[in-house]
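Undergrad: could you look at this predicted model? Sequence included:
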Protein chains: 2
Amino acid sequence: MPEQSDIDYVAQEEGVDASKLANLVRAGRAVVVRNLRRSIKPLGIGEGLRTKVNANVGLSPRASTPEKEVKKALVALKHGADTIMDLSTGPYLKKTLSAILRHIDAPIGTVPVYQAFGERGFDMTSDSIFRVIEDQCKKGVDFITVHCGIKREYAKKLRGCDRLIPITSKGGAALAAWMLRTGEENPLYADYDHLLDIAREYNVVLSLGDALRPAALHDAGDFFQMAELKTLGELTKRSRERGVQVIVEGPGHMPLDMIEKHVREQKKICGGAPYYVLGPLVTDTALGYDHISGAIGGAIAAASGVDFLCYVTPSEHYSLPGEDDVKRGVIASKIAAHAGDIVKLGKRGEDDTISEARSHLDWHTMARYAMDEATKQRVLEIADSEPCTMCGDLCAMKISQSFVVSKKKR
Amino acid sequence: MPEQSDIDYVAQEEGVDASKLANLVRAGRAVVVRNLRRSIKPLGIGEGLRTKVNANVGLSPRASTPEKEVKKALVALKHGADTIMDLSTGPYLKKTLSAILRHIDAPIGTVPVYQAFGERGFDMTSDSIFRVIEDQCKKGVDFITVHCGIKREYAKKLRGCDRLIPITSKGGAALAAWMLRTGEENPLYADYDHLLDIAREYNVVLSLGDALRPAALHDAGDFFQMAELKTLGELTKRSRERGVQVIVEGPGHMPLDMIEKHVREQKKICGGAPYYVLGPLVTDTALGYDHISGAIGGAIAAASGVDFLCYVTPSEHYSLPGEDDVKRGVIASKIAAHAGDIVKLGKRGEDDTISEARSHLDWHTMARYAMDEATKQRVLEIADSEPCTMCGDLCAMKISQSFVVSKKKR
């Protein structure tokens, strides 16, 4: 569990009562993320708190370098990401993770099975998986995705399934294939108590992965997704009994009218545990613009109670993201998170300040809140020299200033 | 009203029954857009039909040329816009509209009061407004935004209002200022029958503008928005009695949890008339990325029954859009419209085809459905030479192919 000083810090950051937050953390409805070995600012995720945004970085055996991935992580933080997951695979995984932990002053997440399967393939064992997990926790990783919910029986059922995309989770696919080949149960499920012991020692937050998340609208809400979620609900309960912080991962691809109902169901099944979703993407057809598809689903999800959004970049489904993809992905998720928070937390943020600035053609204030540097510069140009190109004399703001005396303080 | 052959054409395009569509058109729940003087393909908007997307183009006195605006309109059509509105203001308005009507093979909309106020300012009269309207209808404009619902009494109330942004509609602001200066009633309201006569002659669709739409979350759902909407509901009824096709315009800026309820209310107030919304933007804070804020609101709106989305571009609130802004705005709205249609029409589109292609790493099929040329080329490179950079050997698709034999035809 987190230290009291971390809870106090988060409570102040979020403007919530510290004892109330401590109760939520004890009840497993909120988590405070910081590996006890790391000296970063702790981050709160869960009930009553601002919706957080995660950005995935990480190289693959076929592209990028550790340096490039650090740079992408810095770009993500600059545009408002709250956490970074290093999803590196391949021979430079460890080097990249070390660099990320060294350079990035925010909670870092990983998927340890990428390393475990990468190093030994089908010769992976329960022991080798837990060695990797312990090693990454020792190094300071703050949260780990662990696909504890994909039981052997579910993997067997995948064989002749009706899904359009049987499994899209890399870690989940590796574990499923390993279980079907060895006949053994998923070690992350079978030895869950071992996992809890490691997590507790370092206050590493377990992010219970959804190996069976739908990767196509066609597959949303099906047996696999819901069976795994029920298993995650049971594991959430066990983690609370052992004093380990848990968040639960969710989809994926889902028609927009299913999202609210699904979020409420997850909260019920998992006793109010924080929900961390990837998207959800509300159409499968947005190739090249999946950050927008994900922002639509993410906003609805956040408004419905989701606590943590994993960004989706424009290059989702076809390429490792570059710096510009990372930036666009983070911005889209930040918009979604804020639009959701307006509903979920019942309060607008800087919206009113920006709208008042618009009404007064106060370009300097507008520029201050621009979502990226290029927009800011463009708006400052309008403020300082070049006039607004939109309407000329037919400017609704100017025309209405001639007859409106608002009661609002201007 | 539209010709029978136009109704037949639209019914075939949309895969709906022609006599059912004719009934919907008669009842005012759907419209078929084509000025009888224009030889373009007609477009259906309304109940049971695919959600349509409009792209605004048009120069201002301070930027662009007629040629550039035609090019922007072509870019919009290329990326899937269904209609174009020419919102030009200033001395080149007429030249631009002529060029747009000549070069663009899709329904064209305008806001005639821009020309009427631009030519005569506060010396504008009821006659001069109707002369412009008749002139634009003669030239072939297919639909016109007319701010008939902003009555003099509403304009008076704006004077000391509590809104953060009293009025954001250019046409609405001009009419309000004119009413307050002359003391006269809004001619588009007072002489609505005259407007109906002109519209009927050419089968021009009236798009009843929402001059008082909220331009800030703070102002959403307030007296002004709802009072004007009720007036538009009355005018909708009168237009049906005279055999004139009408769509109704809506916001604007609105928290995402208000959207569904608001759309249902509009449909009730306006007897099921097609609803045409701008956004809605679900936060005021997305400066530089308002196309994403608008896509979030637009998707929820379309799923809730909205029939027609006006795009929002990244340059909304600070600049006339350029070609790239137009492209990004249209794509965002297309994603929103499709995500909405999956819910509203109860059927997926190409989603399943794309998901199956993903499952089989069929890059050629994926490329075919990419949302822009750059993405398509990138995916074709992956297909033809360079491998996918995402996961290397840890590819969930490849791993799962080794153990899954799906029942789906692959």
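TA: Structure's in. What do you need?

Undergrad: so which residues of chain A form strands?
TA: Using DSSP state E, the strands of chain A run over A:30-33, A:43-46, A:52-57, A:83-86, A:108-110, A:143-146, A:205-208, A:246-250, A:275-278, A:308-310.

Undergrad: how about the lowest-mean-pLDDT helix or strand in chain A: buried residues?
TA: Scoring the helices and strands of chain A by mean pLDDT, DSSP states H and E places helix A:396-401 at the bottom, with a mean of 91. By 16 or more other C-beta atoms under 10 Å in any protein chain shown, the buried positions in helix A:396-401 come out as A:Ala396, A:Met397, A:Ile399, A:Ser400, A:Gln401. The C-beta positions use only the backbone N, C-alpha and C, and glycine is treated the same way.

Undergrad: stretch A:224-239 vs chain B: in contact?
TA: No: judged by C-beta under 8 Å from any C-beta of the partner chain, stretch A:224-239 makes no contact with chain B; its nearest approach is 11.6 Å.

Undergrad: give me the buried positions along that stretch.
TA: Within stretch A:224-239, the residues that qualify as buried are A:Phe224, A:Gln225, A:Ala227, A:Glu228, A:Leu229, A:Thr231, A:Leu232, A:Gly233, A:Leu235, A:Thr236, A:Ser239, counting by 16+ other C-beta under 10 Å.

Undergrad: any idea which residue sits dead centre in chain A?
TA: With distances taken as C-alpha atoms, centre = their mean, A:Cys310 lies nearest the centre of chain A, 2.7 Å away.

Undergrad: ok, now how distant is that residue from chain B?
TA: As judged by C-beta to the nearest C-beta, to the nearest Å, A:Cys310 and chain B stand 16 Å apart.

Undergrad: how far away is that residue from A:Ile247?
TA: 11 Å (C-beta to C-beta, to the nearest Å).

Undergrad: now do the shared contacts for the two.
TA: A:Tyr276 (C-beta atoms under 8 Å, 6 or more residues apart in numbering or on different chains).

Undergrad: low-confidence ranges, chain A, go.
TA: By pLDDT under 70, the low-scoring segments of chain A are A:406-410.

Undergrad: longest helix of it?
TA: What stands out as the longest helix in chain A, according to DSSP state H, is helix A:323-344.

Undergrad: returning to what we had before: so which of the buried residues of helix A:396-401 are also by chain B?
TA: Answer for the buried residues of helix A:396-401 near chain B (C-beta under 8 Å from any C-beta): A:Ala396, A:Met397, A:Ile399, A:Ser400.

Undergrad: spatially nearest residue to the first one, not counting backbone neighbours?
TA: This means A:Ala396. Distances taken as C-beta to C-beta, 6 or more residues apart in numbering or on different chains put B:Ala173 closest to A:Ala396, at 3.9 Å, once the chain neighbours are dropped.

Undergrad: which residues does A:Gly233 contact?
TA: Contacts of A:Gly233 by C-beta under 8 Å, 6+ apart are A:Ile269, A:Cys270, A:Gly271.

Undergrad: my bad, should have said A:Glu119
TA: By C-beta under 8 Å, 6+ apart, the contact list for A:Glu119 reads A:Ser128, A:Val132.

Undergrad: if we go to 10 Å?
TA: A:Pro91, A:Leu93, A:Lys94, A:Ser128, A:Arg131, A:Val132 (C-beta atoms under 10 Å, 6 or more residues apart in numbering or on different chains).

Undergrad: please apply the same query to A:Asp123.
TA: So A:Asp123 contacts A:Phe117, A:Trp178, A:Thr182 (C-beta under 10 Å, 6+ apart).

Undergrad: how much space separates it from A:Glu134?
TA: In terms of C-beta to C-beta, A:Asp123 sits 19 Å off from A:Glu134.

Undergrad: also A:Gln377?
TA: Relative to A:Glu134, and taking C-beta to C-beta, A:Gln377 is found at 48 Å.

Undergrad: between those two, who's got more neighbours?
TA: Neighbours per residue (other C-beta atoms under 10 Å in any protein chain shown) separate A:Gln377 from A:Glu134, with A:Glu134 holding more: 18 against 11.

Undergrad: go ahead and confirm the more buried one touches A:Pro112.
TA: Yes: in this structure, A:Glu134 is within contact of A:Pro112 by C-beta atoms under 10 Å, at 9.1 Å.

Undergrad: what's the overlap in contacts for those two?
TA: Joint contacts of A:Glu134 and A:Pro112 (C-beta under 10 Å, 6+ apart) are A:Leu195.

Undergrad: can you pull the contacts of A:Asp193?
TA: Here A:Asp193 is in contact with A:Arg238, A:Ser239, A:Arg242 (C-beta under 10 Å, 6+ apart).

Undergrad: could you confirm whether stretch A:263-280 reaches chain B?
TA: No: on the criterion C-beta under 10 Å from any C-beta of the partner chain, stretch A:263-280 is out of touch with chain B, staying 10.6 Å away.

Undergrad: what's the end-to-end length of that stretch?
TA: This stretch, stretch A:263-280, spans 11 Å end to end (C-alpha to C-alpha, to the nearest Å).

Undergrad: also stretch A:343-360?
TA: Stretch A:343-360 has an end-to-end distance of 27 Å (C-alpha to C-alpha).

Undergrad: and the stretch 101-250 of chain A, which residues reach chain B?
TA: Going by C-beta under 10 Å from any C-beta, the residues of the stretch 101-250 of chain A near chain B are A:113-114, A:117-118, A:121, A:155-156, A:158-181, A:211, A:214-219.

Undergrad: what remains of those residues if I keep only buried residues?
TA: A:113-114, A:117-118, A:155, A:158, A:161, A:163-180, A:211, A:214-219.

Undergrad: of these, which belong to helices?
TA: Per DSSP H, the subset of those in helices is A:113-114, A:117-118, A:155, A:158, A:170-180.

Undergrad: hang on, A:Ala173 packs against A:Ile150?
TA: Yes: the pair A:Ala173 / A:Ile150 is scored as a contact, 9.5 Å apart, by C-beta under 10 Å.

Undergrad: gap between the nearest residue to A:Gly28 once chain neighbours are set aside and A:Ala273?
TA: With C-beta to C-beta, 6+ apart as the criterion, A:Gly28 has its nearest non-adjacent residue at 4.5 Å, and that residue is A:Arg240. In this view, A:Arg240 and A:Ala273 are 8 Å apart by C-beta to C-beta.

Undergrad: what do those two both touch?
TA: Going by C-beta under 10 Å, 6+ apart, residues that sit against A:Arg240 and also against A:Ala273 are A:Ala27, A:Gly28, A:Arg29, A:Val246.

Undergrad: thought A:Tyr275 was touching A:Cys310?
TA: No: applying C-beta under 10 Å as the test, A:Tyr275 and A:Cys310 come out as separate, 11.1 Å apart.

Undergrad: what about A:Arg102, how many residues close to it?
TA: A:Arg102 has 10 nearby residues by other C-beta under 10 Å.

Undergrad: in this structure it contacts A:Ala73, no?
TA: No: contact criterion C-beta under 10 Å: A:Arg102 and A:Ala73 do not qualify, at 11.0 Å.

Undergrad: what's near enough to touch A:Val326?
TA: Counted by C-beta under 10 Å, 6+ apart, A:Val326 has contacts A:55-57, A:69, A:71-76, A:78-79, A:81, A:311, A:313-315.
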